Each structure stands twice: as C-alpha cells, then as structure tokens.
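K.L.:
Predicted coordinates and the sequence they were generated for:
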Amino acid sequence: MRGSAPGSIAEIQSLVLNSDRVHVVGLGSKTALHHQTDGAAIVDLAEMSGILEYQPSEYTVTVGAGSPVRDLAAALKQHGQYLPCDPLLPGAASIGGTVACNLAGPRRFRYGGVRDFILGAQLVDGMGRAFRVGGKVVKNAAGFDLSKFLVGSLGRYAIMTELTFKVFPDAPCFRSLRFSYARLEDALSAIYFINQSAYELDALDLIPAAGGWSLLARLAGFEETLPRRVERFAASMERETAPADIDKLPETDDLWDPLADLSGEVLVKVALAPKQIPAFDRMIHAARRRYGVGGNLAWLAADDVEALAAALRKCGLRGLCLRGAVDSPVIGAPADDALAQRVKQVLDPHHKFV
C-alpha cells in the first residue's frame with residue numbers, strides 16, 4: 001500500500017489539513033493494520049527517514065519515523081550499541097511502526113519494552129499542529145510524557161515524524177540453552193524460579209514441543225566469564241526445578257525470532273501474564289503459538305480469527321493482529337480507556353486518523 005510520501009513536516013501538515021481521513025504507513029510490514037482504511041488519504045513516511053542525531057557517548061539516537069529498523073540496528077552496531085527493546089521484523093519494519101505497535105522482541109525480557117527506551121518525538125496532530133514532546137537526553141523534566149503514550153497507539157493520535165531513543169552497549173557473546181519439560185506446569189514453575197533468582201537472562205521464551213514444552217533461555221556477556229555463568233545457571237535449574245533435558249543450542253537468527261515458525265491466516269500478539277497461560281492455551285487448541293518475554297507475550301498464528309477472538313474475550317485478553325485480512329486489528333476483550341479517549345480528543349478532535 002503506497003500513498004503520498006511527504007518529505008517535510010510542512011507537507012504532512014498540509015495533507016492533514018486538507019484531508020477528511022488520514023492513515024499512516026511506514027514500510028507496510030504489518031498488513032492487518034492497513035486492511036480497513038475507510039478511503040482515507042495514505043501518508044507514507046518512507047521519506048521521513050535516516051539518522052538525524054547520534055551521540056554514542058551519550059547513548060541517545062534520533063531518527064526519522066520512517067527509518068527501517070535494520071538501518072538503525074546497523075548504525076548502532078558500528079559503535080557496539082543496540083536498542084534493548086529489540087524491535088521485531090528488523091528486515092521489514094520501520095521504527096515508527098515499531099513504536100505504534102509496541103512491537104518489541106525477546107531481548108526486552110532483561111531491560112523492558114519500547115516504552116522504556118523512547119525519550120521524545122516530533123509530531124503532527126489531527127489539527128495540523130507540529131510540535132515536540134519529551135526530549136533528546138536521558139535526564140529530562142518530569143511531567144506527563146506523551147512520547148511514551150504514543151507506544152502502542154497504532155497511529156490514532158498523531159503522526160510521528162521523528163523519534164529519540166536511549167540505547168545501551170551490546171554484549172559481545174551469547175549462550176542459549178533449551179530445557180525440555182513434559183508438563184506446562186513444570187515449565188511455568190521454572191519461569192517463576194528464574195524471575196525470583198539472581199540470574200540476569202537476556203531472553204526467556206516458552207514453546208510447545210512434541211510431547212511437552214521447551215523453555216529457551218539465553219545469557220549474554222563476555223567470553224571470559226559467560227561459560228561459567230551458563231554452567232552455574234544450568235546447575236541451579238537442575239537443583240531447583242522439575243527434571244528436564246538440557247541442551248546447548250547454536251546461536252542462529254531463527255532461534256530467537258518468535259515469528260519464524262508462525263504461519264497462518266492471521267498473526268496476533270497478545271499481552272498476558274504467565275499465570276494466564278494454562279487456561280488460555282487450553283482454549284486456543286491447535287493455534288501455532290510461542291510465549292515470549294518470560295511468558296508475558298503470546299505470539300499466535302491462527303486460521304480462524306473469530307474463534308481466537310472469542311477465546312481472548314473469555315480470558316479477558318486482547319490481541320493485536322499484525323498480518324492478515326481483518327475487520328479490526330484489535331480483537332478480544334473490549335477496551336475501556338478513558339485516558340486514551342481524552343488524549344484523542346485533544347490531539348485529534350475531528351477523528352481524522354484511522
């Protein structure tokens with residue numbers, strides 16, 4: 001889906017002011033968000049890209065919202081740094097789309113998600129006003145941080161044209177282990193143990209496997225100390241959790257890509273808590289799924305979106321559809337967010353953004 005590709009804030013302001021309905025796209029990697037646009041004018045942010053400011057010594061970076069995630073990751077890597085929220089779809093997504101969908105990867109387990117690393121943003125709202133929220137430094141003034149409210153907003157409140165993040169030094173080495181359990185309850189007990197332990201894991205995912213469940217754990221650090229840390233962690237897991245087969249795994253790109261093995265009509269992200277997994281997993285039956293971030297996110301590939309939506313409603317959960325033809329990208333339990341409605345009224349009183 002391509003539309004008008006404004007190259008300046010002034011062009012975006014003009015398009016907003018002269019359109020009844022507006023829909024924003026980045027690189028179009030999340031097709032479910034663009035299926036129903038109600039004949040809106042399409043604002044393609046491809047031209048609003050590139051690294052605008054980068055201070056490696058200050059651990060901050062400012063980029064155009066249409067910048068490909070892969071370009072940002074490559075620039076940070078040159079200085080041994082990375083964005084710890086670990087944006088997903090790095091080969092296809094824009095950084096603005098990552099913020100709009102709150103789409104973090106497995107490495108957010110250690111440090112947090114997109115909301116924890118966004119510092120500021122430049123916006124154009126529904127009345128064509130251009131302004132900046134937040135800042136470009138880590139230490140900033142207190143108050144209502146609108147830049148964090150944009151995370152997960154799906155572009156419904158304003159058009160993000162520029163984004164600033166704090167970044168971290170990356171680890172030089174990684175080691176991944178697989179713990180195989182016969183029962184889901186045993187795998188979840190292992191997650192609870194890890195969460196209460198002193199071990200700082202880089203990532204922790206739960207995956208259904210033939211005859212049981214696999215718990216994938218990754219540690220990060222320096223070559224001199226990492227092997228010993230891995231040994232202590234594995235020994236502690238053997239002592240404190242249910243019996244499990246333990247395997248060392250090669251570090252491949254697909255191993256920690258939660259979407260790599262998920263194929264279906266609709267791809268859905270669901271936020272939940274580990275204690276909700278047993279009941280939810282029984283209800284979704286044959287859906288292909290992976291529980292990421294220590295069991296706090298479910299990634300699902302489903303062929304029957306209505307059945308999945310019904311299961312989500314019964315569990316009091318909501319899902320965000322990322323790919324597939326759907327009437328609405330948000331399915332499941334209804335949201336009653338008075339604050340979101342108030343912000344929408346302030347930034348987009350005429351409901352232009354869809």
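P.N.:
Received, thanks.

K.L.:
Setting aside sequence neighbours, what's the nearest residue to residue 278?
P.N.:
Ranked by CB to CB, 6 or more residues apart in numbering and with sequence neighbours excluded, the top spatial neighbour of residue 278 is residue 184, at 6.0 Å. Yep, even glycine has a C-beta here, placed from its N, CA and C like the rest.

K.L.:
quick one: contacts for that neighbour?
P.N.:
When contacts are counted by CB atoms under 8 Å, 6 or more residues apart in numbering, residue 184 touches 213, 277-278, 281.

K.L.:
My reading is that residue 220 lies in a helix. Confirm?
P.N.:
No - read with DSSP: H, G, I helix; E, B strand; the rest coil, residue 220 is strand and lies in no helix.

K.L.:
That one: neighbour count?
P.N.:
Using other CB atoms under 10 Å, the number of residues around residue 220 comes to 19.

K.L.:
Would you confirm that it contacts residue 233?
P.N.:
No - counting by CB atoms under 8 Å, residue 220 stays clear of residue 233, with 12.0 Å between them.

K.L.:
of all the contacts of residue 184, which comes closest to residue 52?
P.N.:
residue 277 (41.0 Å; CB to CB).

K.L.:
How much space separates that closest one from residue 350?
P.N.:
From residue 277 across to residue 350, the span is 42 Å (CB to CB, to the nearest Å).

K.L.:
Would you mind confirming that residue 82 makes contact with residue 72?
P.N.:
No - in this structure, residue 82 is not within contact of residue 72 by CB under 8 Å, at 9.6 Å.

K.L.:
quick one: which of those two has more around it?
P.N.:
residue 72 (27 against 18).

K.L.:
Got phi/psi on that one?
P.N.:
phi -60, psi -50 (degrees, to the nearest 10).

K.L.:
what's near enough to touch it?
P.N.:
51, 61, 63, 83, 95.

K.L.:
re the thing from before, which of the contacts of residue 184 are buried? Put it as a PyMOL command.
P.N.:
In PyMOL, this line selects whichever of those come out buried by 16 or more other CB atoms under 10 Å:
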select buried, resi 213+277+281
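
K.L.:
could I get the contacts of residue 184 as a markdown table with distance to residue 109 and pLDDT?
P.N.:
Output for these, formatted as a markdown table (distance: CB to CB, whole Å; pLDDT from 0 to 100):
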| residue | distance to residue 109 | pLDDT |
| --- | --- | --- |
| 213 | 17 | 97 |
| 277 | 15 | 97 |
| 278 | 20 | 96 |
| 281 | 20 | 94 |
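
K.L.:
May I ask which two of the contacts of residue 184 are separated the most?
P.N.:
Counting by CB to CB, the most remote pair of the contacts of residue 184 is 213 and 278, 11.1 Å apart.

K.L.:
And for residue 209, the neighbour number?
P.N.:
Close neighbours of residue 209, defined as other CB under 10 Å, add up to 14.

K.L.:
Once you drop chain neighbours, what's closest to it?
P.N.:
residue 180 (6.7 Å).

K.L.:
Determine how far the helix or strand containing that neighbour lies from the middle of the whole chain.
P.N.:
Assigned by DSSP states H and E, residue 180 falls within strand 173-181. The chain centre lies 22 Å from the centre of strand 173-181; the measure is CA atoms, centre = their mean, to the nearest Å.
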